[in-house]
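*Asks:* could you look at this predicted model? Sequence included:
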Amino acid sequence: MKSKRFSGIVLTVLGIGGLIYAAVLFVNGRNDTSDFNTLVIYGLLGLIFIFAVINLMRIGKDKA
């Protein structure tokens, strides 16, 4: 069951990193199309990872 805990930590770090990077791109944006596409991609990936962690914590039973 330590694999669920490890994967939860990894997904959390990736999700938070993606959301922080998207926020940095938003603040420092130059209104380019490529910057907007990158912002959307990293923001969506961050949200997917965060929701994956929430789902893992909700349905996963840790028997450590």
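*Replies:* Sure thing, it's come through.
*Asks:* from residue 33, how far off is the residue nearest the centre of the chain?
*Replies:* Residue closest to the average C-alpha location in the chain (C-alpha atoms, centre = their mean): residue 15, at 1.6 Å. Separation of residue 15 from residue 33 (C-beta to C-beta, to the nearest Å) stands at 25 Å. Where you see a C-beta, it was placed from the backbone N, CA and C, and this is true even at glycine.
*Asks:* wait, doesn't residue 22 sit right on residue 42?
*Replies:* Yes: counting by C-beta atoms under 8 Å, residue 22 does reach residue 42; the two are 4.3 Å apart.
*Asks:* against which helices or strands is the helix or strand residue 54 falls within packed?
*Replies:* Under the criterion of DSSP states H and E, residue 54 resides in helix 33-59. Helices and strands touching helix 33-59, by 3 or more C-beta pairs under 8 Å, 6 or more residues apart in numbering; DSSP states H and E, are helix 2-27.
*Asks:* what inclination does the helix it packs on have with respect to helix 33-59?
*Replies:* 150 degrees (axes from the mean of the first three to the mean of the last three C-alpha atoms, to 10 degrees).
*Asks:* check which residues of helix 2-27 are buried.
*Replies:* 8, 11-12, 14-15, 18-19, 21-22, 25 (16 or more other C-beta atoms under 10 Å).
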